[in-house]
Structures are given as structure tokens and as C-alpha cells.
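**Student:** using only what follows, build the 3D model:
(chains A and B)
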Amino acid sequence: MRLTAACTRQVHAYGVTLELRAGTELLLRRMLSRMPYGAELVAGSEPASRTYTIASPGQSAPAAPGQYRLYANGRKLAAAPRPSLLLEKLGSDAMIHVANHAPGFVFVHAGVVAWKGRALLFPGSSFAGKTTLVASLVRAGAVYYSDEYALLDEHGLVHPYARQLQMRHPGRTRQRSVCVSRIEGVAGTTPIPVAHIYFSRYTSKSEWNPEPIPPGLATLKMLPHAISIRRTPSRVLKTLAAVTSAACCWQSPRGDADATRTAILATA
Amino acid sequence: MPSLPCQISQLVTVQHVGDETLIYDGTRHKAFCLNKISSLVWTLADGRRTPAQIADAATSELKQPVSEEIVRFALSELKRDRLLLDESAMIDLHAISRRQMVIKLGKSAAMLLPLVTAIFAPKAAKAYATYDGCLLPDTPIQLADGSLLPASLIGPGQWLRGVDPASGQVHPARVASCRQFDAPQLLTFTTSSGEVVKSSPSHLFIGGPGDLLGTRASDFEAGDGIMVFDRRHHRAIPSTVTSIHTSSVPQRVVIFEVDTIEHCFLSGGVVSHNKEE
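**Tutor:** Model (predicted):
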């Protein structure tokens, strides 16, 4: 489907160019605010890897009158009566695309801090308690690298992805953005090697009791969290193998974040 | 006459990590980790060696005795995971069970116990969100014939009532996988049409006919649209969320995936989505 829009911008994130199109400058700015952390506006019009358009109800759409529609490369992703409902989809789709296509990095869903100049990685899913544990470690003096992604390069180094922490109040599900300085922490700025990888998930009443696991098995356990495993399996396996071979890998369920933090920092 | 055991080599990506071998099968999107002994047996299974010859070669390589029985056990595991060519999978391996093998080897020789660990590689969107979107075990799930079964009793291969979120039409959808774990938080939704359903915050529900990707439970607010099942017209229709309550008491929850393009099924009368692509 061919879509036209009055306002267009391009952004560049981790080697991937995205183009955004909207009918108004205001809507375009709201789209820009949903781009992945680290994305930068670029001038010019180089070929975009993915083009997002939010079409207004006024633009022809006989099947969905009164609906805003979000398209990616001409394919409809979603429709909604308010554009705000589409921005969440835009943000997640753009993030997936960048993480899946970034040429120099393997994106792994993980919390990351630095301790004594080397990284501690916590691969895990959403709601596994990554941010809570990362925040606890940062309050104890660890350097903040990410509560969302470990950006791994081909040499096995982890790069900072120090977006604002996405924290939840107890009993609430909505996240709020918290700057690392608000929890008296600092963000890392340089790539560092990985010292320890912890596979852990919050389980009520459990205690931190880490068992070592071999690097091959650790690589396998990281694969479900690696965004581009299906697209570039060879590159992902090589990168993860470089990381796990040089690190100590552990697994354990965990209970309270602060108790876990104390145990981790005592041995890291 | 069946061929000798031979490893698969086409359409797979192989990465050695120390003594272990990782194999990624791009056609099945499955990854395997072979421990030291399995890795060695797989490498030596080149289509020219019998199991006895593989045992001899492994013994030389490891500088400790590797019996033909261990090799046959490793080959049976590799055969099970389709890491050997089909022709060689025809050979009769007469392998003993893992339990028998553990007893036979004893704890001291546990490193000689072949082990193949497998995982399913998710799509990029799934890995991005790593959705553990899930439901309480007692959530009623509609089967393809319209009857209800608690989520905890749903298993792979069962047929559910799937939904096309764009048209609201229902169709059979097969369960591909399911698992259980502890969720730290739960949400309780009530809709204007009377449905009450509990889920983890990351569970995806369909917000309306255009919501092809699904919306996280935690992103809904009272007044938002949500698709529910209309029993009278036998299709999914738009409804409205009237209230959402949060509970921070961790509970056991169930997650499963259905094998249809839309990945949607009916849970507690509400249309659930189990993938983000």
C-alpha cells in the first residue's frame, strides 16, 4: 500500500535507519519520542530499513472509518481510535527491528551492571525482577549499564544501554522512568568484559543458592533472550560463546532482591 | 541395510564452546547443547564408523574407557533429537534408559553420561518481550467444541477455539506448548459484558478488531476496548474494560501457545493473544 504523509524524519539507532511519517508535526514528534534509546535524528534521505506511517482517519481507509492506522513498510500493524494507542506498538516494533538488524551488536534481554570494572549479566524475561535487582545493585555501588538489554559485540564486550530505569511501585504494573542519579547511581560509558552471568528468576520464599553451569549450557540458556537468533544464528552463537567462555555462569532461583544483591557482590 | 550413524550437517549452525557443542537447526528453530561425551560421539558419527568404532575413537580421545553402550545411549539421544541423518537413524541402537545408565556408571563417572539439552528459539518479537503472559490455572479455556477446561489441564496437541481478531470469526487452534511458573503479580479484569479474567501483567489481550499484535494486560485502563466472545452470535465482539485490580501475591500460572497465524484463543470469555508478531 502506498501511503503519503506531510511530515517525515529519519532516525539512526545502532546502525539501523528508520523513517517516520505522519500527517502533522505534533504526531511526528510523539512518534520520535517512542524511538529506541540511543536513536538520533539524521538529516538526509538514505534508504530506510523500516518506514513507519501513522495514517489519520481522514486518509482513505474504507474498512476502518474513524481509525488511526499504524503501518510498517506499508503493512498495517494496528488501528485505533486514538494515535496514543498506536505509539506503544510503534515503540515496541521499532525496538524489535533495531535489535534484530543492528549490524554490530547482539541484543540480549538482560539487566547489566559493572562491578570492579567487569560486567554482571542477568538475562531474563519481563517481570522476572531484573530492574529491581539492578536498582538494588546500583544502590550498593555497582555501575548501571542497563535494565533491559545487554548489547554484546563480537569480542564479547558489553556496551552501555543506560536508558532510564523502568521501575514499578509495589502493587502496580505501570512503569515509571527513573534516572539512575535518582537512586544515587552512575551509568557506565565504556564497553567492558563480562565477569559473571546469572540465570535467576524471582520465586517466592526461595533463597539465592547459585550453582555453576558450563559455558555451552549458559549459551543455550541465553538464546531465548537473544533477539536476532533466528535471523543471524551463526553471529549470535559466536558472540554468546565468546561471552560465556570468558565468564563464570550461575543459576539459582532468588527471593528478596536486596538479600540476593548482598550475596552476589560478596562473591563477584 | 541401514547406514552407519552420521551427523546432520546441512541447514544447521554449529558452535563449539569448550568441550560442549551448540547446534542450531534453522528449519526447526531449535537449539541443542551437547555435553562433552555427546559432542564427541556426534563429531565421530561421520557415516564411516560403527558404534563400536566410535567407542574406540572416543576412548583414545578422552584417554578413558568409553563403552559401546555409552555410545549407543548417546546416539539414541541424538537420534531422538534428529541430529543424525534419517538413514542412520534407522539403525537399531538397543539403548538402555538414562536411569539404568546412571546406575551403571555410578556418580564417579557422571561426566560420561551423554546429555543433549534443547530449547526452542523464539521469534524476535517474542525474545524482545520475552512474554511470560499467562493465566491462572483455573481460568476456563474454550475448547474447539465449545466446552470449557481449566487452563491447568490444557496440554500440547489439544484443540482450542481460536479467534481471528480482525473479523471476530472463530476456528480451531492447536496447542503447541505449555508450561507453568510463579508470577509475582496478577491483574483481575472485569468487562462490561460480565467477563472476569485473571492474568499476569504481561499477558496479551486483544483490545479491538485492529489490535493485531495484542495489548499487554498492564497497559489496559478502565474504559479501554477489549474483545470478548459473544455466545449468541458465535464470534468475538468488542467490549469494554470496566475495572482492573492488581494483586501482588505471587501465584502459580499457566502459559501456552497456539499454532495459528493469529495466535489468539478464548480465555475466560476474553480473547487472548500469545505472541507479539
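
**Student:** all contacts plus neighbour counts: C-alpha atoms, from now on.
**Tutor:** Will do.

**Student:** could you pull out the strands for the stretch 101-250 of chain A?
**Tutor:** A:106-115, A:118-123, A:143-146, A:149-152, A:157-159, A:165-168, A:175-178, A:192-202, A:211-212, A:248-254 (DSSP state E, counting those that start in this stretch).

**Student:** and the shortest one, how far out from the chain's middle?
**Tutor:** If I follow you right, that is strand A:211-212. In terms of C-alpha atoms, centre = their mean, to the nearest Å, the gap separating the centre of strand A:211-212 from the centre of its chain is 27 Å.

**Student:** can you list contacts of it?
**Tutor:** Strand A:211-212 has contacts (C-alpha atoms under 8 Å, 6 or more residues apart in numbering or on different chains) with A:248, A:249, A:250, A:251, A:252.

**Student:** and residue B:156, which of the strands of the stretch 101-250 of chain A is closest to it?
**Tutor:** Residue B:156 sits nearest to strand A:192-202 of all the strands of the stretch 101-250 of chain A, at 24.7 Å, using C-alpha to C-alpha.

**Student:** show me what that closest one is in contact with.
**Tutor:** A:117-124, A:128-129, A:156-159, A:243-244, A:246-256, A:268, B:182, B:184.

**Student:** any idea of the mean pLDDT for that strand?
**Tutor:** Predicted confidence along strand A:192-202 averages 92 (mean pLDDT).

**Student:** buried set for it?
**Tutor:** A:192, A:193, A:194, A:195, A:196, A:197, A:198, A:199, A:200, A:201, A:202 (16 or more other C-alpha atoms under 10 Å in any protein chain shown).

**Student:** for the third one, give the beta-bridge partners.
**Tutor:** Right, the one you point to is residue A:194. Residue A:194 forms beta bridges with residue A:119, as assigned by DSSP bridges.

**Student:** and the gap between it and residue A:187?
**Tutor:** Distance check for residue A:194 against residue A:187: by C-alpha to C-alpha, to the nearest Å, it reads 16 Å.

**Student:** ramachandran coordinates for the nearest residue to residue A:11 once chain neighbours are set aside?
**Tutor:** The shortest distance from residue A:11 to any non-neighbouring residue, by C-alpha to C-alpha, 6 or more residues apart in numbering or on different chains, is to residue A:41 (4.3 Å). For residue A:41, the backbone dihedrals (degrees, to the nearest 10) come out as phi -70, psi 140.

**Student:** go on, the one 4 residues further on?
**Tutor:** Main-chain dihedrals, residue A:45, degrees, to the nearest 10: phi -140, psi 60.

**Student:** just give the nearest non-adjacent residue to it, would you?
**Tutor:** Residue A:45 sits nearest to residue A:10 (C-alpha to C-alpha, 6+ apart), 7.3 Å away.

**Student:** Three-state assignment for the one you found, please.
**Tutor:** Secondary structure, DSSP: H, G, I helix; E, B strand; the rest coil: residue A:10 is strand.

**Student:** can you pull the pLDDT of it?
**Tutor:** 95.

**Student:** helices and strands of chain B: which one bottoms out on pLDDT?
**Tutor:** In chain B, no helix or strand scores lower on mean pLDDT, DSSP states H and E than helix B:124-129, which sits at a mean of 60.

**Student:** quick one: the helices in chain A?
**Tutor:** All helices of chain A, identified by DSSP state H, fall at A:25-32, A:84-101, A:130-139, A:215-222, A:233-245, A:257-267.

**Student:** TSV for the ones you listed, including mean neighbour count, mean pLDDT and distance to residue B:238?
**Tutor:** Below are the helices of chain A laid out as TSV (neighbours: other C-alpha atoms under 10 Å in any protein chain shown; pLDDT from 0 to 100; distance: least, C-alpha to C-alpha, whole Å):
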stretch	mean neighbour count	mean pLDDT	distance to residue B:238
helix A:25-32	17	94	27
helix A:84-101	21	90	16
helix A:130-139	24	91	35
helix A:215-222	24	95	39
helix A:233-245	22	96	40
helix A:257-267	15	90	41
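
**Student:** who's in contact with the helix or strand just after the least confident helix or strand of chain B?
**Tutor:** Next helix or strand after helix B:124-129 toward the C-terminus (DSSP states H and E): strand B:140-142. Identification of contacts with strand B:140-142 by C-alpha under 8 Å, 6+ apart yields B:148, B:149, B:150, B:151, B:160, B:161, B:265, B:266, B:267, B:268, B:269.

**Student:** which strand residues bridge the second one?
**Tutor:** The reference is to residue B:149. The partner residues for residue B:149, given DSSP bridges, come to residue B:141.

**Student:** thought it was touching residue B:143?
**Tutor:** Yes. Using C-alpha atoms under 8 Å as the test, residue B:149 is close enough to residue B:143 to be in contact (7.1 Å).

**Student:** how about residue B:67, nearest residue that isn't a chain neighbour?
**Tutor:** Looking at residue B:67 with C-alpha to C-alpha, 6+ apart, the closest residue is residue B:55, at 5.7 Å.

**Student:** if I pick the residue nearest to residue A:45, what's in contact with it?
**Tutor:** Residue A:10 neighbours (C-alpha under 8 Å, 6+ apart): A:17, A:18, A:19, A:20, A:41, A:42, A:43, A:44, A:45, A:48.
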